[in-house]
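[1] model the structure of this input:
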Amino acid sequence: MAMSPEDEHPVKAFGWASRDPSGHLSPFRFSRRATGEKDVTFKVLYCGICHSDLHNVKNEWGVTSYPVVPGHEIVGVVTEVGTEVTKFKVGDKVGIGGMVGSCRSCSNCKDCLENYCPKVILSYGAKYYDGTTTYGGYSDIMVSDEHFVIKIPDNMPLDGSAPLLCAGITVYSPLKYYGLDKFGMHLGVVGLGGLGHMAVKFAKAMGLKVTVISTSPNKKKEAMDHLGADAFLVSHNTEEMELAMGTMDGIIDTVSAVHALLPLIGLLKTNGKLVMVGAPEKPLELHAFPLLMGRKMVGGSGGGGIKETQEMIDFAAKHKIVADIELIPMDYVNTAMERLLKADVKYRFVIDIANSLKPF
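    Predicted coordinates for the structure are as follows:
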């Protein structure tokens, strides 16, 4: 008979979990493993709410096993390290993103692309090496092999840093990989949510000209005056879109809803790249001819490896980049999920775990 989540490991833990596809989250007792030789244990102070958390608690991707404790934008302070840990010490500010394990031996792992490892172990809802379930950051403590822990520089506020561990690396990695990080390039950013606003911030710090492309005209002032975008296009305004055709070196598409790609491909210069980082639930229509007539590319990107995530955090610290957040108490999480479904947040909910997650 399988052990209960509370008895699997020796260290008692608590958080909030969803127990069925309603997605409703409520208090949940479970356990964490004791700090191993190469482990880092830290007290969770803040955890961002990613759109994938919403998909997972409702089992919209069909892979959720309940109970599930979400959260993969997790930051806090180290409380204990194993005897063989070399990179961290008690008191360090640290974080964990989307993964807590991988095979460490495949070609992707050797290339510091653990996020693409076929055996990657996600931070929650996955099976760890010992067969137990991984639980995420809507909880009081985390334990992880030091390899998957990110050092947060001292000058970075922890609450605004948390979303960088998912939203930040999700847009930083394709900018680097697809060569869209060169000073003076023109980048389009589709969608101005959690991912989109981070894409604008990183691109501007890299010295790019940035145009935000949105269905919402009312986001223009925010995009340009607050986030520093250089231009703004309303995607259903045919005249605006036509005037911008053939002007962009690349586009980061953050939208997770079904939408037309053809108008976006038209915005690209010859050799331009449209990079998908959102994950619509249904297939999108892609015409080959517009790609042929301009040697254009449609690609994708999903997160980043540990080395690149650390690089991204250090870049953010240097350029003072943090997410725009709405800090919420733990017991507001279900309302936050409802608002997230309506895109009613600027631009990332972050749970104040330290001050609002109470034992029960």
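
[2] what is whatever helix or strand Lys221 lives in packed up against?
    Taking DSSP states H and E as the criterion, Lys221 maps to helix 220-221. On a contact count with 3 or more Cβ pairs under 8 Å, 6 or more residues apart in numbering; DSSP states H and E, helix 220-221 meets no helix or strand. From N, CA and C alone the C-beta is placed, and that goes for glycine too.

[3] when you give positions from now on, start the count at 52
    Okay, residue one is now 52; in that scheme the one you just asked about reads as helix 271-272.

[4] from the rest of the structure, what touches that helix?
    Residues outside helix 271-272 that contact it (Cβ atoms under 8 Å, 6 or more residues apart in numbering): Val263, Ser265, Phe283, Val285.

[5] and the next element down the chain from that helix?
    Using DSSP H and E, the helix or strand that follows helix 271-272 in sequence is strand 282-285.

[6] and the longest helix seen in the chain, what does it pack against?
    Identified as the longest helix of the chain according to DSSP state H is helix 357-370. Contact analysis of helix 357-370 by 3+ Cβ pairs under 8 Å, 6+ apart lists strand 201-202, helix 218-228, helix 245-256 as its packing neighbours.

[7] give me the neighbour count for Ser116.
    By the criterion of other Cβ atoms under 10 Å, Ser116 has 10 neighbours.

[8] tell me which element it falls in.
    Element membership for Ser116, per DSSP H and E: none, as it lies in no helix or strand.

[9] same thing with Lys324?
    Counting by DSSP H and E, Lys324 is part of strand 319-327.

[10] Val114 - nearest residue in space that isn't next to it in sequence?
    Ranked by Cβ to Cβ, 6 or more residues apart in numbering and with sequence neighbours excluded, the top spatial neighbour of Val114 is Gly176, at 7.5 Å.

[11] now that neighbour: how far from Ala68?
    10 Å (Cβ to Cβ, to the nearest Å).

[12] and for Glu332?
    Counting by Cβ to Cβ, the gap from Glu332 to Ala68 is 24 Å.

[13] any idea how far Val95 lies from Gln361?
    Using Cβ to Cβ, Val95 is found at 19 Å from Gln361.

[14] which pLDDT value belongs to the closest residue to Met327 other than its chain neighbours?
    Setting aside the residues directly before and after it, Met327 is nearest to Gly351 in space (Cβ to Cβ, 6+ apart), at 4.7 Å. Predicted confidence (pLDDT) for Gly351: 97.

[15] so how many other residues sit close to Gly351?
    By other Cβ under 10 Å, 12 other residues sit near Gly351.

[16] that one reaches Lys324, doesn't it?
    No: if you go by Cβ atoms under 8 Å, Gly351 and Lys324 don't touch, sitting 10.9 Å apart.

[17] list the contacts of Ile203.
    Counting by Cβ under 8 Å, 6+ apart, Ile203 touches Val126, Lys144, Val145, Gly146, Leu209, Ser212, Ile364.

[18] surely Gly242 is in contact with Val306?
    Yes: applying Cβ under 8 Å, one finds Gly242 in contact with Val306, separated by 4.2 Å.

[19] so which of those two has more stuff around it?
    In terms of neighbours (other Cβ under 10 Å), Gly242 is the more surrounded of Gly242 and Val306; the figures are 26 against 23.

[20] ok, now which ones touch that one?
    Gly242 sits next to Ile264, Ser265, Asp304, Thr305, Val306, Gly329 when contact means Cβ under 8 Å, 6+ apart.

[21] shouldn't Pro78 be within a strand?
    Yes: checked against DSSP: H, G, I helix; E, B strand; the rest coil, Pro78 lies within a strand.

[22] can you show me the helices along this protein?
    Assigned by DSSP H, the chain shows helices spanning 102-108, 158-161, 209-212, 218-228, 245-256, 271-272, 289-294, 313-318, 340-343, 357-370, 384-392, 404-407.

[23] mind listing what's buried along the second one?
    Judged by neighbour count (16 or more other Cβ atoms under 10 Å), helix 158-161 contains these buried residues: Asn159, Cys160.

[24] from the rest of the structure, what touches that helix?
    Contacts with helix 158-161, where a contact means Cβ under 8 Å, 6+ apart, come from Ser153, Cys154, Glu165, Tyr167, Cys168, Pro169.
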